[in-house]
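K.L.:
The following block contains a protein sequence and its predicted model.
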Amino acid sequence: MSAEDLENYETEMELALYREYRDAVGLFSYVVETERRFYLANHVDLQVRSAAGEVYFELTLADAWVWDVYRSARFVKSVRVVTFKDVNVEELVKADLDLGGDSGFGR
């Protein structure tokens, strides 16, 4: 396999992952970013902890989807993350249902 073949394969995998994300995002209530992963989830519990003078974050997600091109199963029942880095949690805003009206944006 040439370097170009490998690059094309990785590009196709990233595009397929983006399409899966686009199709799945409407099923979830939160977007969660850590230093290592990006998640969609329906339940998020973020706890700030400290031990030996260090502050860390304990994050528990339920009913989640993981952005990871190398995972074959991206939908997971629960996730537990422990990190010393920043964690970003955003609640997704559910758009009003478009019942055939013209929003002015193409699809």
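P.N.:
That came through, no problem.

K.L.:
helices or strands up against the helix or strand hosting Leu6?
P.N.:
According to DSSP states H and E, Leu6 maps onto helix 3-24. Helix 3-24 is packed against strand 54-67, with contacts defined by 3 or more Cβ pairs under 8 Å, 6 or more residues apart in numbering; DSSP states H and E. Bear in mind the C-beta positions are built from the backbone N, C-alpha and C, glycine included.

K.L.:
roughly how far apart are the closest residue to Val79 other than its chain neighbours and Val81?
P.N.:
Closest residue in space to Val79, ignoring its immediate chain neighbours: Leu61 at 4.2 Å, by Cβ to Cβ, 6 or more residues apart in numbering. The gap separating Leu61 from Val81 is 8 Å, by Cβ to Cβ, to the nearest Å.

K.L.:
residues touching the residue nearest to Val79, list them.
P.N.:
Leu61 makes contacts with 30, 32, 39, 41, 43-45, 78-81, as judged by Cβ atoms under 8 Å, 6 or more residues apart in numbering.

K.L.:
again, only this time at 7 Å
P.N.:
Contact criterion Cβ atoms under 7 Å, 6 or more residues apart in numbering gives 32, 39, 41, 43-44, 78-79 as the residues in contact with Leu61.

K.L.:
what angle sits between the helix or strand bottoming out on mean pLDDT in the chain and strand 54-67?
P.N.:
Ranked by mean pLDDT, DSSP states H and E, the weakest helix or strand in the chain is helix 3-24, scoring a mean of 90. With axes from the mean of the first three to the mean of the last three Cα atoms, to 10 degrees defining the directions, helix 3-24 sits at 90 degrees from strand 54-67.

K.L.:
After helix 3-24, heading C-terminal, what element do we hit next?
P.N.:
With elements assigned by DSSP H and E, the helix or strand that comes after helix 3-24 is strand 30-33.

K.L.:
Many thanks, I have nothing further to ask.
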